[in-house]
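> this is a predicted model, with the sequence first.
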Amino acid sequence: MNINLTLIGQAISFAIFVWFCVKYVWPPILNALEERETRIADGLAAAEKGQQDLANAAHKVEDILQEGRDRAQEFVVQSQKRAEEIIDQAKQAAIEEGDRALVAARGRIDQERNEARESLRSEVAVLALNGAEQILMREVDATAHREVLDKLVAEI
């Protein structure tokens, strides 16, 4: 065999192999590569979109948290105002109750003072009558009268 003929046969076989590969093998490989490239690009775009969505969600969460903090602070301020109102109302009610108790106590004091005066008047009248009776029953003597009057003064 001749080396040239072998070389030409191998070249023809190689050309047929290359043609076969280009015609039947190469297009599916290129299609698979293009599909994979498209899927990778789509995946990268989805990942980037996911990161943007995550950043947007983080901003939205921060806004919601800030709104919640603001509302909580507003509730605290309202509750403090309400507590102050309740305290003021309680103070006012206590002052009014104290004034009523003071008026009632003064009324009772006046009533008891009047009762004591009346009681003293009746006792003084009884003592005066007893003293007059004792003076009239004894003989008319200045020293005896003086003793009775001193006794009456001591009793009063």
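Nice, thanks for sending it over. Numbers count the residues shown, from 1 in each chain.
> could you say which helix or strand holds residue 19?
helix 3-20 (DSSP states H and E).
> and that helix, average pLDDT?
Mean pLDDT, computed over helix 3-20, is 91.
> show me what counts as buried in the lowest-mean-pLDDT helix or strand in the chain.
When each helix and strand of the chain is scored by mean pLDDT, DSSP states H and E, helix 142-155 comes last, with a mean of 71. For helix 142-155, a neighbour-count test (16 or more other CB atoms under 10 Å) marks 148, 152 as buried. Bear in mind the C-beta positions are built from the backbone N, C-alpha and C, glycine included.
> which residues outside stretch 21-29 are in contact with it?
Among residues not part of stretch 21-29, none is counted as a contact by CB atoms under 8 Å, 6 or more residues apart in numbering.
> how far away from the center of its chain is that stretch?
Distance of stretch 21-29 from its chain centroid, counting by CA atoms, centre = their mean, to the nearest Å, is 75 Å.
> can you pull out the strands in this protein?
Counting by DSSP state E, the chain has no strands to list.
> quick revisit: any idea how far the least confident helix or strand of the chain is from the middle of the chain?
Counting by CA atoms, centre = their mean, helix 142-155 is centred 79 Å from the centre of its parent chain.
> same deal with stretch 120-132?
That offset, for stretch 120-132, works out to 71 Å (CA atoms, centre = their mean).
> mean confidence score for it?
So the average pLDDT for stretch 120-132 ends up being 77.
> and if you look at stretch 69-82?
93.
> returning to what we had before: what packs against the helix holding residue 19?
Helix 3-20 sits against no helix or strand, with contacts defined as 3 or more CB pairs under 8 Å, 6 or more residues apart in numbering; DSSP states H and E.
> show me what counts as buried in it.
In helix 3-20, counting by 16+ other CB under 10 Å, buried: nothing.
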